[in-house]
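**Student:** no sequence on this one, just coordinates:
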Ligand SMILES: NCc1[nH]cc(CCC(=O)O)c1CC(=O)O
């Protein structure tokens, strides 16, 4: 039996695809999994800020096309990069147990965000990270930083920035956890929707593949994503937006925190809701509505995001 994984060629994407291959071969004796690496538009257009060139979908389109054309059976994604809606004929069918969802402060000279001197240059291209950084430290100078994790670390090491922000999960997976100087607590710095969770997409009618994926599925990750993605969908989450959200499963309940921030840090709207796990999706929609009622709509519309 064979299964082909469409994957981006970045070291993190390859690590995640290799991980899924190993897990699948471990639970299904006799299954041979093959990687089909490809370059996506998002990987090629590294010079433009992500927000200007079409947002998140850029990293997944080629992989989705490969599945629709039968050149691959599954695609392995960082759920952070996956738009809220999948193209006709495809679906997200398994989510792995989550890695650390936090953002990481990475620097060669300073031990924490608070320890940075006035006016320090920090690298990030994420509107979400920018809004939260500026709200905490209005004095910082934020410069664009793109590329895969290794490229971003190299630019830090070359001295282009005093610090950069990255997802802890990516650093941990790549064996670079020692680069994390401060693990940002979700109370101060809310991660991206889906951060730390790997998801697997396949053709909707491909029952064989869906059955093969079942043992990898994690119910907690599913609940987390239901709440976070429902919130994101109502906040215009189709492209890159200054929206953060994090759900935690606490016993039979889910606690969802959300945030919308102006990229200049001048306004940050936050909220939190708790409810039964079975209501995760409704909770996401309710929290989004609450944030909109508190002024998140103005922030998003000012950025040209229809809500
Ligand atoms: N935008 C790129 C991206 N997509 C997912 C991760 C990290 C891994 C994850 O969130 O599971 C990263 C790198 C980063 O933001 O530092």
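**Tutor:** All right, it came through fine. Only a predicted model underlies this, so the values are computations on that prediction, with no experimental measurement involved.

**Student:** Report the buried residues of stretch 177-185.
**Tutor:** Of all the residues in stretch 177-185, those buried under the rule 16 or more other CB atoms under 10 Å are 179-182, 184. The C-beta positions use only the backbone N, C-alpha and C, and glycine is treated the same way.

**Student:** restrict those residues to those near the ligand?
**Tutor:** Among these, no residue is within reach of the ligand (CB under 6 Å from any ligand atom).

**Student:** farthest pair in those residues?
**Tutor:** For those, the farthest-apart pair by CB to CB is 179 and 184; their separation is 14.0 Å.

**Student:** Common neighbours of these two, please.
**Tutor:** Common contact partners of residue 179 and residue 184 (CB atoms under 8 Å, 6 or more residues apart in numbering): residue 104.

**Student:** Can you report how many residues lie near the closest residue to residue 18 other than its chain neighbours?
**Tutor:** Counting by CB to CB, 6 or more residues apart in numbering, the nearest residue to residue 18 once its immediate chain neighbours are dropped is residue 35, at 7.2 Å. Applying other CB atoms under 10 Å, we find 18 residues neighbouring residue 35.

**Student:** swap in the one 3 residues further on?
**Tutor:** For residue 38, the neighbour count with other CB under 10 Å is 18.

**Student:** interface residues of the protein facing the ligand?
**Tutor:** So the chain meets the ligand at 78, 80-81, 149, 166-167, 169-170, 195-196 (CB under 6 Å from any ligand atom).

**Student:** quick one: which of the residues you listed sit in strands?
**Tutor:** 78, 166-167 (DSSP state E).

**Student:** Highest neighbour count among those residues?
**Tutor:** Most neighbours among those, by other CB under 10 Å: residue 78, with 26 neighbours.

**Student:** who does that one bridge with?
**Tutor:** residue 198 (DSSP bridges).

**Student:** So for it, what's the pLDDT?
**Tutor:** For residue 78, the pLDDT comes out at 95.

**Student:** so what's it up against?
**Tutor:** Contacts for residue 78 were tallied using CB under 8 Å, 6+ apart; they are 12-13, 16, 169-170, 194, 197-199.

**Student:** try 10 Å
**Tutor:** 8, 10, 12-13, 16, 56, 59-60, 99, 167, 169-170, 173, 192, 194-199 (CB atoms under 10 Å, 6 or more residues apart in numbering).

**Student:** and what of residue 4?
**Tutor:** Counting by CB under 10 Å, 6+ apart, residue 4 touches 32-36, 66-67, 70-75, 209.
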